[in-house]
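[1] Provided below for reference: sequence and predicted model.
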Amino acid sequence: MWGGHFSRGPADAMQAINPSISVDRHLYRQDITGSRAHAAMLAACGIISKTDHEAILGGLKQIEQEISEGRFTFTDALEDIHMHVENRLAELIGDTAGRLHTARSRNDQVITDVRLFTREACANITSSTRRLQRALYTRADEHAETIMPGFTHLQPAQPVTLGHHLLAYMEMLARDAGRFADCSKRLNECPLGAAALAGTSFPIDRDMTAKTLGFTKPMGNSLDAVASRDFAVEFLAAGAILATHLSRLCEELINWSTPMWRFITLSEAFTTGSSIMPQKRNPDAAELVRGKTARITGSLMQMLTLLKSLPLAYNKDLQEDKEALLDVAHQLPLCLAAVEGMIADMQVHKERMHAAASSGYSTATDLADWLVQTLGIPFRQAHHITGKIVNIAEGKNIRLDELSLSDMQSIEPGITQDVFNRLSVEQSVASRMSYGGTAPYRIREQLRRWKRELDL
Ligand code: ARG
């Protein structure tokens with residue numbers, strides 16, 4: 001391709017380090033789509049003839065078929081997908097193929113491909129996220145009244161409902177979808193026509209290619225167009241945050257399903273057995289999502305590090321931008337589908353959750369609140385009194401609501417029988433009526449909102 005200026009081929013080590021085809025072959029559809037738009041614009045602007053345009057389109061169509069049907073030969077001798085397509089086009093239509101690269105460089109070509117790819121990836125991830133949200137909705141609706149322990153420091157803190165817990169992830173996922181929507185919107189400008197870095201002397205129509213490719217407008221600075229990858233950083237950041245949310249949820253599923261907790265049983269479809277321990281059911285899918293999160297977060301770091309200190313405009317370092325991006329675009333929908341399946345299929349053991357919620361003096365705050373609301377005791381003092389009452393219950397190894405009134409009165413004489421209306425986990429949960437709180441009334445309110453927002 002540059003034989004005019006070169007008298008020898010690359011060294012073996014160069015030949016080994018140079019190709020990106022193993023990665024960017026997956027961008028063939030975007031590459032051919034970009035070439036079609038470019039060729040149409042060249043023809044419309046009178047830069048290539050109608051006949052050449054038609055020959056180019058015919059060749060591109062055949063190449064697309066050959067690749068999609070697995071009949072295309074890829075070789076490391078040709079660096080990337082752009083060279084493969086151009087080379088094959090020359091085999092198919094002869095010298096006319098050489099006209100396609102007029103007013104274009106691989107620098108604007110590659111980043112057009114990557115932007116098209118990332119835009120599609122945002123849409124894929126968003127629809128997989130929506131499917132997981134629907135699964136969460138269904139289970140939260142089913143368990144709006146199911147009581148479980150709410151934790152801080154992984155210690156039972158106050159009872160909550162399982163519906164409330166699941167809807168917390170619903171909120172996170174909604175923000176995730178919002179981040180991908182923003183990313184998709186911001187990346188949607190067309191770099192094609194920036195050529196190598198400075199623009200081109202040909203009278204091209206950049207609005208036309210932008211429009212044909214579904215971009216909102218051509219990018220306003222040709223150096224920025226070929227050098228910038230902040231859209232990729234944004235995509236990976238949104239991906240790393242989403243993966244982190246999934247990983248937290250998976251960590252919970254793992255905890256919940258351990259036989260020592262047995263809040264849930266994960267379905268056989270998302271677990272594996274052990275080859276040596278017959279009793280085992282391992283939460284592999286959840287662990288894999290947690291593991292893949294490390295890889296996805298690593299990809300974000302890789303992209304940021306790649307860009308740091310990189311002068312304008314294109315540098316070959318940028319060839320290293322695609323592997324992480326393509327990998328994350330592939331892995332995230334897998335993670336989302338696995339979590340969706342686990343949530344949809346998990347069996348919930350309400351009685352186990354209820355028993356755990358009742359342990360650990362989880363309604364102690366309710367007792368303190370009662371002292372404040374009924375006896376007018378300042379909260380700090382009520383907290384102290386409650387601590388002492390908890391000590392008595394602990395000493396007797398019984399729950400708070402199993403204490404006698406006289407036991408309570410030995411610490412605070414003003415306490416009356418009425419306090420026992422506040423100490424069960426059901427009463428505790430029902431009393432958390434503040435907006436966004438765990439009372440089933442509030443959960444139903446949020447479920448109605450999600451039903452609207454998710455179009456259910
Ligand atoms: N394979 C290259 C990449 O992935 C394509 C662009 C090459 N441009 C260049 N000036 N060498 O980034």
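    Yep, it's here. Numbering: from 1, shown residues only.
[2] tell me where the stretch 51-200 of the chain has strands.
    Taking DSSP state E, counting those that start in this stretch as the criterion, the stretch 51-200 of the chain carries its strands at 147-152, 155-161, 189-190.
[3] turn those into a markdown table, columns for mean neighbour count, distance to residue 46 and mean pLDDT.
    No exception for glycine: its C-beta is placed from N, CA and C like everyone else's. Listed next are these as a markdown table, based on neighbours: other C-beta atoms under 10 Å; distance: least, C-beta to C-beta, whole Å; pLDDT from 0 to 100:
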| stretch | mean neighbour count | distance to residue 46 | mean pLDDT |
| --- | --- | --- | --- |
| strand 147-152 | 20 | 69 | 97 |
| strand 155-161 | 20 | 68 | 94 |
| strand 189-190 | 22 | 21 | 98 |
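[4] minimum distance to the ligand: which of those has it?
    The closest of the strands of the stretch 51-200 of the chain to the ligand is strand 189-190. By C-beta to the nearest ligand atom, the value is 17.1 Å.
[5] next secondary structure element downstream of that closest one?
    Remark: after strand 189-190, the chain's next helix or strand is helix 206-212, criterion DSSP states H and E.
[6] picking that back up, want to throw the strands of the stretch 51-200 of the chain into JSON lines with distance to residue 427?
    Output for these, formatted as JSON lines (distance: least, C-beta to C-beta, whole Å):
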{"stretch": "strand 147-152", "distance to residue 427": "11"}
{"stretch": "strand 155-161", "distance to residue 427": "10"}
{"stretch": "strand 189-190", "distance to residue 427": "57"}
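[7] how about CSV for the ones you listed, with distance to the ligand added?
    Shown next, in CSV, are the strands of the stretch 51-200 of the chain (distance: least, C-beta to the nearest ligand atom, whole Å):
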stretch, distance to the ligand
strand 147-152, 47
strand 155-161, 50
strand 189-190, 17
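[8] among those, which comes closest to residue 248?
    Nearest to residue 248 among the strands of the stretch 51-200 of the chain is strand 147-152 (12.4 Å), distances taken as C-beta to C-beta.
[9] for the closest one, name the packing helices and strands.
    The helices and strands touching strand 147-152, judged by 3 or more C-beta pairs under 8 Å, 6 or more residues apart in numbering; DSSP states H and E, are strand 155-161, helix 162-187, helix 350-358, helix 425-431.
[10] packing partners for the second one?
    If I follow you right, that is helix 162-187. Other helices and strands packing on helix 162-187, by 3+ C-beta pairs under 8 Å, 6+ apart, are helix 106-142, strand 147-152, helix 230-257, helix 440-453.
[11] let's see it at 10 Å
    Contacts defined by 3 or more C-beta pairs under 10 Å, 6 or more residues apart in numbering; DSSP states H and E place helix 162-187 against helix 106-142, strand 147-152, helix 230-257, helix 322-345, helix 350-358, helix 440-453.
[12] also the first one?
    Packing partners of strand 155-161 (3+ C-beta pairs under 10 Å, 6+ apart): strand 147-152, helix 350-358, helix 364-375, helix 425-431, helix 440-453.
[13] and it with helix 440-453, angle?
    70 degrees (axes from the mean of the first three to the mean of the last three C-alpha atoms, to 10 degrees).
[14] who does strand 155-161 pair up with?
    If you go by DSSP bridges, strand 155-161 pairs up with strand 147-152 (antiparallel).
[15] out of the strands of the stretch 51-200 of the chain, the one nearest residue 449 is which?
    Among the strands of the stretch 51-200 of the chain, strand 155-161 sits nearest to residue 449 (C-beta to C-beta), with 16.2 Å.
[16] hey, what's the angle from that closest one to helix 162-187? Just curious.
    90 degrees.
[17] and strand 155-161 with helix 364-375, angle?
    Between strand 155-161 and helix 364-375, the angle comes out at 70 degrees (the same axes, to 10 degrees).
[18] and strand 155-161, how far out from the chain middle?
    The chain centre lies 28 Å from the centre of strand 155-161; the measure is C-alpha atoms, centre = their mean, to the nearest Å.
[19] ok, now how distant is the residue nearest to residue 167 when sequence neighbours are not counted from residue 251?
    Of all residues not flanking residue 167 in the chain, residue 140 sits nearest, at 5.0 Å (C-beta to C-beta, 6 or more residues apart in numbering). The gap separating residue 140 from residue 251 is 19 Å, by C-beta to C-beta, to the nearest Å.
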